[in-house]
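Engineer: Compute the structure for the input listed below.
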Amino acid sequence: MGAKLLDFTVNGPLQSAEFDLGGFTVKLSETVVVQWIVIAILGVIFFILGRNLKVRPESRRQVIAEYIVGLFSGMVNDSMGVSYKKYTPYISALFCFSLCSSLMGLLGLRSPTSDLSVVGAWALITFVLVQRNKFKTGGVKGFFKAFVDPLPFMLPFNIIGEIANPVSQALRHFANILSGVVIGGLIYFALGQFAAGVFTVGLPAILSLYFDLFSSVVQAYIFTTLTMSYVAMAECD
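Structural biologist: The predicted structure follows:
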């Protein structure tokens, strides 16, 4: 008998549940379920950090909470300016949700950020915020003028540029997280074929520090930084 040939495959998000709701079939994908888990985790963490706060910190928990708030406030002020401080809750939520979603791989779950529809939705929100800021700062005239600046024939190129920003922003985040998933799977597959013992545990664990931890922090930071930059630079004269 010949040796059994093993295959390595990478599937997209799986369908987790399906149920009937008023005659309509509702399907929940793996991505949606894991995002609910992320929401629950973040909700518990920030509920614990945010309860019973004092004017003067009396606990390490409040010190941590104030440090996190100060960190994101500083990010927004440095990247967008003090006039955009109202964006701090959104930017902090975006960063935390992106980071926690990417880290789900450490729990053996599929990272929602490896699903293009998730990061694509975030990029779409950024696109809407950019157009809103253009309209708010320039009015109707300034909004449409931005698309024909500096000359009218630039209209199609400016439109392409506006669309390209959220597309590249989503693809960058998605591709980096998905590549970590694929490379991690390839490493486990290769070690299962050609190695045994400590290498099948130790090497993937070391590499996951980059693909699941370091890369998750970097991609969350890049995505939120691009969001702040795109919105702040969208001001119309």
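Engineer: show me what contacts V76?
Structural biologist: 84-85, 87-88, 91, 228 (C-beta atoms under 8 Å, 6 or more residues apart in numbering). C-betas here are computed from N, CA, C, even on glycine.
Engineer: So for it, what's the nearest residue that isn't a sequence neighbour?
Structural biologist: Nearest non-adjacent residue to V76, counting by C-beta to C-beta, 6 or more residues apart in numbering: T88, 4.8 Å away.
Engineer: And for the one you found, the neighbour number?
Structural biologist: 17 (other C-beta atoms under 10 Å).
Engineer: how close does T224 sit to C100?
Structural biologist: Separation of T224 from C100 (C-beta to C-beta, to the nearest Å) stands at 13 Å.
Engineer: name the helices or strands packed onto the longest helix anywhere in the chain?
Structural biologist: In the chain, with assignment by DSSP state H, the single longest helix is helix 155-194. Judged by 3 or more C-beta pairs under 8 Å, 6 or more residues apart in numbering; DSSP states H and E, the packing partners of helix 155-194 are helix 116-145, helix 199-208, helix 215-232.
Engineer: closest to V44 out of those?
Structural biologist: helix 215-232 (19.4 Å; C-beta to C-beta).
Engineer: so what does that closest one touch, helix or strand wise?
Structural biologist: helix 60-79, helix 88-102, helix 116-145, helix 155-194.
Engineer: if we go to 6 Å?
Structural biologist: helix 88-102, helix 116-145, helix 155-194 (3 or more C-beta pairs under 6 Å, 6 or more residues apart in numbering; DSSP states H and E).
Engineer: And the contacts of the shortest one?
Structural biologist: Applying C-beta atoms under 6 Å, 6 or more residues apart in numbering, the contact partners of helix 88-102 are 38, 42, 72-73, 76, 111-113, 177, 216, 220, 223-224.
Engineer: among those residues, who's most crowded?
Structural biologist: So for the contacts of helix 88-102 (other C-beta under 10 Å), the most neighbours sit at T113, 33 neighbours.
Engineer: pLDDT below threshold where in the protein?
Structural biologist: 1-17, 151, 181, 184-211, 236-237 (pLDDT under 70).
Engineer: For V34, list the residues it contacts.
Structural biologist: 104, 109, 112.
Engineer: Which of the residues you listed sits closest to F153?
Structural biologist: P112 (41.5 Å).
Engineer: Surely that closest one and V33 touch.
Structural biologist: No - using C-beta atoms under 6 Å, P112 makes no contact with V33, being 9.4 Å away.
Engineer: Can you tell me which of the helices and strands packed on helix 155-194 is most buried?
Structural biologist: helix 215-232 (a mean of 19; mean count of other C-beta atoms under 10 Å).
Engineer: any idea how far the residue positioned nearest the centre of the chain lies from T225?
Structural biologist: Among the residues of the chain, the one closest to the centroid is S98, at 3.3 Å (C-alpha atoms, centre = their mean). S98 sits 12 Å away from T225, going by C-beta to C-beta.
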